[in-house]
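Asks: Here is a sequence together with a model predicted from it:
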Amino acid sequence: MEDTEATPTAISTAPSTTTPPTTNGSRSEPGHDGQGQEHTEQRAVIMSVLDENHTHGPAQDSEGPAVDSEGPRDTRTQHPENGVHPDPQTPHCPSPDPDMSYISGADLFGYVGIEAVLDQMRRKTMKAGFEFNVMVVGQSGLGKSTLVNTLFKSRVSRKSCSSLHHEKIPKTVRIHAVSHMIEEKGVKMKLTVVDTPGFGDHINNNNCWEPIVAYVQEQYEKYLREELNVTRKRRIPDTRVHCCVYFLPPTGHRLRAIDVEFMKHLGSIVSIVPVIAKADTLTLDERLDFKHRIRQDLAANGIQVYPQKEYDEDPEESVLNNSIRECIPFAVVGTDREHQVNGNKVLGRKTKWGIIEVENAAHCEFSHLRDLLIRSHLQDLKDVTHNILYETYRVRRLNQANVDFSELGLPSSGSPLCSSLCSTLCSGIQDPSEGESQL
């Protein structure tokens, strides 16, 4: 009996040691010497103390804190849809898949190293570099080539053998693509600038947009041919136009009919960013009124310019893009000459009234255009081109009734390989789920 009485004594410091009545309400059976009832009372007292500890915290005594015999509890709760997640006091990010549980950093046993993937992607991108192709369109004399040189702070719009910095840029006579490799802080970018013939410079401007539209579609066709080759290159050269900067003359009125028709034909195949060229010829009030009328004309004619609302993926991106859409078209000034302002060299145009600073947001919106094209939306422009505009072209080409594979550089239409490719591709376009299984 001395051993059996030691247990209640050890926990006598607990808040309550009241022994609940036994369930059978009778004495111990003969032959057990009363030990069965005492053991039952001891277990009841221990369970009562453990319940108190779970409610008010662990009870401290001379032997240390009481320990749950079942081990540490799982502080996570079971969610009826998303599985296991932290209890309500812990911030919870819902899983996009209702059958998938969400495990945050607090639930991990230790450091896994998933974030190192970003460093791997960065090193790989810096090693391989990336491509960006921009087209400039507008009538002659609006400073298209000069603005591109200002954007990238180098002479990238023309190949030149002359070392003169103030070389006069000749007028464009045909569609001309010039590529340069630009490196900044270890990041390499192959920049291709597609200059276009002077738009609207002729007496008869009927269908003057056709050469430019044909060029854009030709680049899509080249990429499609590479994709359909039996033996493809490890990295397909990307010559597709990722962005078209369209220059509007600073008339101060509305869009011209030729501007409307041109952007209608171009808006469905390339991302258009309209700008008001030589905005320093307009006063601030004239600029605001002109921008407002242009936005009205764009909406009235159903012209889609970048960034489109339907491409916004989340509320944060929508807020950023809404601020950009309010600035469209960008009123810009381009120059490649530097001047001294308060002891600092700045890019600007010098007049007898003062210096118009190109990168000063109070003077023009060049900085907004630069941020859109390079610093904030460059990758998004490439994604929209590949996932939406090029995909639309690819589906239309492969979904035609008679696909001429000989034109795409594949085997003749009578060969078994061509028949197999034709049936696979066409079935994949008509029924995506069935096409995936066949491929």
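Replies: Received, thanks.
Asks: Setting aside sequence neighbours, what's the nearest residue to Gly138?
Replies: Leaving aside its sequence neighbours, Gly138 sits nearest to Phe247 (C-beta to C-beta, 6 or more residues apart in numbering; 2.8 Å). C-beta here means a position set from N, CA and C on the backbone, and glycine is covered the same way.
Asks: Now for the one you found, how many residues are close by?
Replies: 24 (other C-beta atoms under 10 Å).
Asks: Same check on the one 3 residues further on?
Replies: Pro250: 18 surrounding residues under other C-beta under 10 Å.
Asks: measure it to Glu310 for me?
Replies: 30 Å (C-beta to C-beta, to the nearest Å).
Asks: tell me the helices in the protein, going along the chain?
Replies: All helices of the chain, identified by DSSP state H, fall at 6-10, 35-56, 116-128, 144-152, 210-228, 257-266, 284-300, 315-327, 366-370, 378-384, 390-398, 416-430, 432-438.
Asks: who's in contact with the residue nearest to Gly138?
Replies: Counting by C-beta atoms under 8 Å, 6 or more residues apart in numbering, Phe247 makes contact with 136-139, 142-144, 147, 275, 277.
Asks: Filter the residues you listed down to the buried ones, ChimeraX style.
Replies: In ChimeraX, a selection of the buried entries from the contacts of Phe247 looks like this (16 or more other C-beta atoms under 10 Å):
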select :136,137,138,139,142,143,144,147,275,277
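Asks: Can you lay out the contacts of Phe247 as a markdown table showing distance to Leu284?
Replies: Shown next, in a markdown table, are these (distance: C-beta to C-beta, whole Å):
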| residue | distance to Leu284 |
| --- | --- |
| Val136 | 26 |
| Val137 | 27 |
| Gly138 | 23 |
| Gln139 | 24 |
| Leu142 | 20 |
| Gly143 | 20 |
| Lys144 | 24 |
| Leu147 | 20 |
| Val275 | 17 |
| Ala277 | 17 |
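Asks: which one of the contacts of Phe247 is nearest Thr392?
Replies: For the contacts of Phe247, the closest approach to Thr392 (C-beta to C-beta) belongs to Val137, at 20.5 Å.
Asks: low-confidence ranges in the stretch 51-200 of the chain?
Replies: Applying pLDDT under 70 to the stretch 51-200 of the chain flags the ranges 51-97, 158-173, 198.
Asks: partners of the closest residue to Ser179 other than its chain neighbours in the sheet?
Replies: Leaving aside its chain neighbours, Ser179 sits nearest to Thr192 (4.5 Å; criterion: C-beta to C-beta, 6+ apart). Note on Thr192: beta-bridge partners by DSSP bridges are Asn133, Ser179.
Asks: And Thr192, how far from Leu389?
Replies: Applying C-beta to C-beta to Thr192 and Leu389 gives a distance of 17 Å.
Asks: Please apply the same query to His253.
Replies: Relative to Leu389, His253 is positioned 31 Å away (C-beta to C-beta).
Asks: Pick out whichever of the two has more residues nearby.
Replies: Using other C-beta under 10 Å as the criterion, His253 and Leu389 rank with Leu389 on top: 19 against 11.
Asks: which one is Phe130 nearest to, not counting chain neighbours?
Replies: Per C-beta to C-beta, 6+ apart, closest to Phe130 is Met189, 5.9 Å.
Asks: do the same with Pro211
Replies: That would be Ile175: by C-beta to C-beta, 6+ apart, it lies 6.3 Å from Pro211.
Asks: give the contact list for that neighbour.
Replies: 194-197, 211-212, 215.
Asks: Look up the pLDDT of the nearest residue to Glu226 once chain neighbours are set aside for me, please.
Replies: Spatial nearest neighbour of Glu226, excluding adjacent residues (C-beta to C-beta, 6+ apart): Ile236 at 4.5 Å. Model confidence at Ile236, given as pLDDT, is 91.
Asks: distance of Ile236 from Pro274?
Replies: Distance of Ile236 to Pro274, given as C-beta to C-beta: 30 Å.
Asks: who's more crowded, these two?
Replies: Neighbour totals were compared for Ile236 and Pro274, and Pro274 leads with 24 against 14 (other C-beta under 10 Å).
Asks: Against Ser179, how distant is the residue nearest to Phe130?
Replies: 11 Å.
Asks: repeat for Leu378
Replies: Taking C-beta to C-beta, one finds Leu378 at 16 Å from Ser179.
Asks: more crowded one of the two?
Replies: The residue with more neighbours, out of Leu378 and Ser179, is Leu378; 18 against 14, by other C-beta under 10 Å.
Asks: tell me the contacts of the nearest residue to the more buried one once chain neighbours are set aside?
Replies: Residue nearest to Leu378 in three dimensions, not counting chain neighbours: Phe132, with 6.2 Å by C-beta to C-beta, 6+ apart. By C-beta under 8 Å, 6+ apart, the contact list for Phe132 reads 189-192, 242, 378, 381-382.
Asks: which of those sit farthest apart?
Replies: Comparing all pairs in the contacts of Phe132 by C-beta to C-beta, the longest separation belongs to Lys190 and Leu381, at 15.0 Å.
Asks: Between the two, tell me which one has more neighbours.
Replies: Each of Lys190 and Leu381 has its neighbours counted (other C-beta under 10 Å); Leu381 has more, 23 against 15.
Asks: looking at it, the more buried one is touching Ser271, isn't it?
Replies: Yes: with contact defined as C-beta atoms under 8 Å, Leu381 counts as touching Ser271 (5.7 Å).
Asks: anything in contact with each of the two?
Replies: 242-243, 306.
Asks: Inside strands: which ones of those residues?
Replies: Counting by DSSP state E, the shared contacts of Leu381 and Ser271 place Cys243 in strands.
Asks: okay if I get the shared contacts of Leu381 and Ser271 as a markdown table plus pLDDT, neighbour count and distance to Thr351?
Replies: A markdown table is the format used below for those (pLDDT from 0 to 100; neighbours: other C-beta atoms under 10 Å; distance: C-beta to C-beta, whole Å):
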| residue | pLDDT | neighbour count | distance to Thr351 |
| --- | --- | --- | --- |
| His242 | 97 | 24 | 35 |
| Cys243 | 97 | 22 | 31 |
| Tyr306 | 95 | 23 | 32 |
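Asks: Dump the shared contacts of Leu381 and Ser271 into JSON lines; add distance to Tyr102 as well.
Replies: Below are the shared contacts of Leu381 and Ser271 laid out as JSON lines (distance: C-beta to C-beta, whole Å):
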{"residue": "His242", "distance to Tyr102": "35"}
{"residue": "Cys243", "distance to Tyr102": "37"}
{"residue": "Tyr306", "distance to Tyr102": "34"}
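Asks: So which residues of the stretch 51-200 of the chain form strands?
Replies: Under the criterion DSSP state E, counting those that start in this stretch, the stretch 51-200 of the chain contains strands at 77-79, 83-85, 130-137, 176-184, 187-195.
Asks: Of these, flag the one that's most buried.
Replies: strand 130-137 (a mean of 21; mean count of other C-beta atoms under 10 Å).
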